[in-house]
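K.L.:
Predicted model and sequence below, questions to follow.
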Amino acid sequence: MSDLQAIEDVCAKPDPPPQLRFVSRVHTLDNRSHKAVDAQAILETHLTDRTVPA
């Protein structure tokens, strides 16, 4: 979470680096929305997939 806060702080500056301008388009999803539920399922699958090397 601290990494996300650091990125947000940099992007809040008057002239953020071009590679970080996408952050202004990032927003929180409602946990009950289809996108959030699908994203959570995909994340859990990737986190529990033992075939992916650590």
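P.N.:
That came in fine, so what should we check first?
K.L.:
what helix or strand is residue 10 on?
P.N.:
Per DSSP states H and E: residue 10 is located in helix 2-11.
K.L.:
Tell me which helix or strand comes right after that helix.
P.N.:
Counting by DSSP H and E, what follows helix 2-11 is helix 34-48.
K.L.:
So for that next one, mean pLDDT?
P.N.:
Per-residue pLDDT over helix 34-48 has a mean of 89.
K.L.:
Give the other helices and strands that it contacts.
P.N.:
Helix 34-48 sits against no helix or strand, with contacts defined as 3 or more C-beta pairs under 8 Å, 6 or more residues apart in numbering; DSSP states H and E. To be clear about C-beta, it is placed using only N, CA and C from the backbone, and glycine gets the same treatment.
K.L.:
Going by neighbour count, list what's buried in it.
P.N.:
Buried residues in helix 34-48, counting neighbours by 16 or more other C-beta atoms under 10 Å, are absent.
K.L.:
Put the alpha carbons of it into PDB.
P.N.:
This file holds the C-alpha atoms of helix 34-48, laid out as PDB (Å, rounded to 0.1, in the frame of the first residue of the first chain):
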ATOM      1  CA  HIS A  34     -18.900  -8.000 -11.700                       C
ATOM      2  CA  LYS A  35     -15.500  -6.500 -12.500                       C
ATOM      3  CA  ALA A  36     -14.400  -6.600  -8.900                       C
ATOM      4  CA  VAL A  37     -15.700 -10.100  -8.300                       C
ATOM      5  CA  ASP A  38     -14.000 -11.300 -11.500                       C
ATOM      6  CA  ALA A  39     -10.700  -9.600 -10.700                       C
ATOM      7  CA  GLN A  40     -10.700 -11.000  -7.100                       C
ATOM      8  CA  ALA A  41     -11.300 -14.600  -8.500                       C
ATOM      9  CA  ILE A  42      -8.400 -14.100 -11.000                       C
ATOM     10  CA  LEU A  43      -6.100 -12.800  -8.300                       C
ATOM     11  CA  GLU A  44      -6.900 -15.700  -6.000                       C
ATOM     12  CA  THR A  45      -6.300 -18.200  -8.800                       C
ATOM     13  CA  HIS A  46      -2.900 -16.700  -9.500                       C
ATOM     14  CA  LEU A  47      -1.900 -16.500  -5.900                       C
ATOM     15  CA  THR A  48      -2.800 -20.100  -5.300                       C
END
